[in-house]
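Asks: Following is a predicted model, sequence given first.
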Amino acid sequence: MTLETSNRTRPFAAGCVALIIVAFLALATAGILVSLAVQGFFDRHEPPSDEVLAKKAGLTEYRLRDAAGDGSLTAKEITYAVGDARWSRAPDEKAVRIMVTYPADDGSARGCYQFTLQQPLNNHTVVNSARLADCHSGLS
C-alpha cells in the first residue's frame, strides 16, 4: 500500500462547484427572460375600436351563415349570432336584412352593420356585410 493521496477528490469537488454555479446562472437567466416576457405581455396596447368592431361583425357573419344552413333563421339564432348587440330584421322575398348595432366598450361610440342573406336560406347561403355610416334608432 502506498501512502500517497489521490488527486481524484479535488477535481471532483471543483467540478461539482462549477456545475452548481452554471446551473444557478442558467436558472437566473431563464427567470430574467420570463420576467421580461410577462412584462411585455401586460404592456400591450388595446386594439383600435374599429378592429374590435370588425372582428365582432366577422363573428356575427360566421354565426349567421351557420344558422341559415338549416333553411330558417329564428330570432333566437340571430340573438346568439349578434351577442350583446341590438338588432332588427327586415325580411323580404329576395333577402333577409339584419341591422346590428354593436355597443362600444366605453359606451361612448357604437358601430352599425347590415348583414344580407339571400333567399332561399340553405347550406350555401352567402352572407354579405356592410358597415353603415349611421345607426338606426329602432333596433331591439
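Replies: Noted; the coordinates are in hand.
Asks: Show me the helices in this protein, by range?
Replies: Ranges of helices in the chain, per DSSP state H, are 9-42, 49-67, 75-82.
Asks: okay if I get these as TSV plus mean neighbour count, distance to residue 94 and mean pLDDT?
Replies: (Glycine included, C-beta is placed from N, CA and C.) What follows is these, written out as TSV (neighbours: other Cβ atoms under 10 Å; distance: least, Cβ to Cβ, whole Å; pLDDT from 0 to 100):
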stretch	mean neighbour count	distance to residue 94	mean pLDDT
helix 9-42	10	49	79
helix 49-67	16	17	90
helix 75-82	16	18	94
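Asks: is it possible to export these to TSV including distance to residue 112?
Replies: Below are the helices of the chain laid out as TSV (distance: least, Cβ to Cβ, whole Å):
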stretch	distance to residue 112
helix 9-42	33
helix 49-67	9
helix 75-82	11
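Asks: For residue 124, find the nearest of the ones you listed.
Replies: Counting by Cβ to Cβ, residue 124 lies closest to helix 49-67 out of the helices of the chain; the figure is 9.6 Å.
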